[in-house]
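S.K.: Based on what follows, work out the 3D shape:
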Amino acid sequence: MAHTTITLVFRAAPQHGAGPAEVEAIGRQIVSELINQHQRVTPVYDGTRGGSQYQWLVDAAQSLLPFATLALTVAQLLNEIRKLKREANHPASLPPIVVVVTYDNSTCTLPPDSDQALLERLLSETLPDPIDPDRLRIEVQIGAPPPPAPPWQEG
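M.R.: This is a model prediction of the structure:
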């Protein structure tokens, strides 16, 4: 079967973003989990700092990506982010993570706890069917972690 490529980028959130080391660590962890789920994700070396860019190879019969395939792909990414939060020793210490899907000049910000129906509705408001992957970008924006709790509040 043929495949198409989706650009996947991990970067600091525009406001109150995480540092480059944290962005890279979270990006590597999520990508490793996607690879463990038999996804084909490879790094792209673009020479920039403060983020990580990958190519995500998705099975598609033609060069245009069906909307349903993209929705399932994004849902898998959101599942890995939720899993990362569940498996964290202190989930409250994990920085906020938001997924932004950009197609041309239209963007759609997805809540990390979106179910499949909400995800499809939000994406359908922004994206055509089928989708030209050259005009698509999935960005995982990582915020700064919350400050540690004061010692008198730890319990």
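
S.K.: shouldn't Arg28 be in contact with Ser52?
M.R.: Yes - with contact defined as CB atoms under 8 Å, Arg28 reaches Ser52; the gap is 7.3 Å. All C-beta spots, glycine's among them, are computed from the backbone N, C-alpha and C.

S.K.: More neighbours: these two, which one.
M.R.: Ser52 (23 against 14; other CB atoms under 10 Å).

S.K.: That one belongs to a strand?
M.R.: Yes - counting by DSSP: H, G, I helix; E, B strand; the rest coil, Ser52 is part of a strand.

S.K.: from now on call the first residue 490
M.R.: Taking 490 as the first residue, the last one we looked at is Ser541.

S.K.: show me the contacts for Gln565.
M.R.: 523, 526, 528 (CB atoms under 8 Å, 6 or more residues apart in numbering).

S.K.: Apply 7 Å and report the result again.
M.R.: Gln526 (CB atoms under 7 Å, 6 or more residues apart in numbering).

S.K.: tell me the secondary structure for it?
M.R.: Going by three-state DSSP: Gln565 is helix.

S.K.: just for this protein, where's the confidence low?
M.R.: 490, 537-540, 579-582, 637-638, 642-644 (pLDDT under 70).

S.K.: Can you pull up the most central residue in it?
M.R.: Val629 (3.8 Å; CA atoms, centre = their mean).

S.K.: That one reaches Pro585, doesn't it?
M.R.: No - assessed by CB atoms under 7 Å, Val629 is found out of contact with Pro585, at 11.2 Å.

S.K.: Give me the distance between Leu561 and Thr493.
M.R.: Counting by CB to CB, to the nearest Å, the gap from Leu561 to Thr493 is 14 Å.

S.K.: quick one: which of these two has more around it?
M.R.: Thr493 (21 against 14).
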